[in-house]
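Visitor: give me a model of this one.
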Amino acid sequence: MAKKLYKATINPVEGIKVNSNVRDFDFILDEPIKSGGTNEGMNPVEALLSALGACETMVAKSFAKSQGIILRNIKVEVEGVFDPDGYLGKNPDAKVGFSKLTSTFYVDADNTEEEVKKYIEFVTKHCPVHDTIANPPEFEDKVSTY
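Guide: Purely as a prediction, here's the structure:
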């Protein structure tokens with residue numbers, strides 16, 4: 001199968017609030033008022049947590065039957081440990097981004113605990129967002145003018 005290119009275009013709205021456009025979809029990203037935003041949307045790190053949890057949930061639902069899992073329901077909660085002192089430059093030893101991510105899977109299935117644990121290992125291994133975070137891609141920054 002040919003590789004697929006994804007693209008998001010982000011434009012400022014006002015202050016630090018931005019609009020993200022992907023395909024035919026738009027959504028607002030912002031910061032809480034105490035961080036200088038208008039609190040009209042989640043912030044980028046919250047969006048990252050949401051993307052990870054959504055991907056894990058979608059993979060779980062998509063592959064359950066083929067993996068022999070009789071899945072009635074699933075919920076994923078994702079937590080990230082973040083030290084703002086790294087981002088703000090107050091502590092040069094602090095990581096700028098998340099230092100730890102934890103996904104908690106709440107699974108209702110007609111399977112043994114061992115089968116469910118193996119299945120969640122499968123899910124995390126096959127989740128593109130999890131893989132992108134765990135095995136960072138090559139980064140390239142380009143600068144262009146309008």
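Visitor: which parts of this protein are helices?
Guide: Counting by DSSP state H, the chain has these helices, from start to end: 44-63, 84-87, 113-126, 128-134.
Visitor: now for the chain, the helix or strand with the poorest mean pLDDT.
Guide: helix 84-87 (a mean of 92; mean pLDDT, DSSP states H and E).
Visitor: mind giving me the domain split of this structure?
Guide: 8-41, 43-134 (automatic domain parsing).
Visitor: in the first one, what counts as buried?
Guide: By that I understand domain 8-41. Residues of domain 8-41 classed as buried under the neighbour-count rule (16 or more other Cβ atoms under 10 Å) are 17-18, 20, 29-31, 37, 41. C-betas here are computed from N, CA, C, even on glycine.
Visitor: end to end on it, go ahead and measure it.
Guide: 17 Å (Cα to Cα, to the nearest Å).
Visitor: and that domain, how far out from the chain middle?
Guide: 16 Å (Cα atoms, centre = their mean, to the nearest Å).
Visitor: now residue 34: how far from residue 28?
Guide: 18 Å (Cβ to Cβ, to the nearest Å).
Visitor: oops, could you answer that again for residue 79 instead?
Guide: As defined by Cβ to Cβ, residue 79 lies at a distance of 23 Å from residue 28.
Visitor: same thing with residue 80?
Guide: 21 Å.
Visitor: so which of the domains of the chain is the most packed in?
Guide: domain 43-134 (a mean of 15; mean count of other Cβ atoms under 10 Å).
Visitor: any regions of this structure where pLDDT drops low?
Guide: For the chain, no stretch has pLDDT under 70.
Visitor: hmm, back to that, do you know which of the helices of the chain lies nearest residue 98?
Guide: Residue 98 lies closest to helix 44-63 among these, at 6.9 Å (Cβ to Cβ).
Visitor: could you export the closest one as PDB, CA atoms only?
Guide: Output in PDB follows, covering the C-alpha atoms of helix 44-63 (Å, rounded to 0.1, in the frame of the first residue of the first chain):
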ATOM      1  CA  PRO A  44      -2.200  21.500  22.300                       C
ATOM      2  CA  VAL A  45      -1.000  19.100  25.000                       C
ATOM      3  CA  GLU A  46      -4.600  18.200  26.000                       C
ATOM      4  CA  ALA A  47      -5.300  17.600  22.300                       C
ATOM      5  CA  LEU A  48      -2.300  15.200  22.200                       C
ATOM      6  CA  LEU A  49      -3.700  13.300  25.100                       C
ATOM      7  CA  SER A  50      -7.100  13.200  23.400                       C
ATOM      8  CA  ALA A  51      -5.600  12.000  20.100                       C
ATOM      9  CA  LEU A  52      -3.700   9.200  21.900                       C
ATOM     10  CA  GLY A  53      -6.800   8.000  23.800                       C
ATOM     11  CA  ALA A  54      -9.000   8.300  20.700                       C
ATOM     12  CA  CYS A  55      -6.600   6.300  18.600                       C
ATOM     13  CA  GLU A  56      -6.200   3.600  21.200                       C
ATOM     14  CA  THR A  57     -10.000   3.400  21.500                       C
ATOM     15  CA  MET A  58     -10.500   3.200  17.800                       C
ATOM     16  CA  VAL A  59      -7.900   0.500  17.300                       C
ATOM     17  CA  ALA A  60      -9.400  -1.500  20.200                       C
ATOM     18  CA  LYS A  61     -12.900  -1.300  18.600                       C
ATOM     19  CA  SER A  62     -11.600  -2.000  15.100                       C
ATOM     20  CA  PHE A  63      -9.600  -5.100  15.900                       C
END
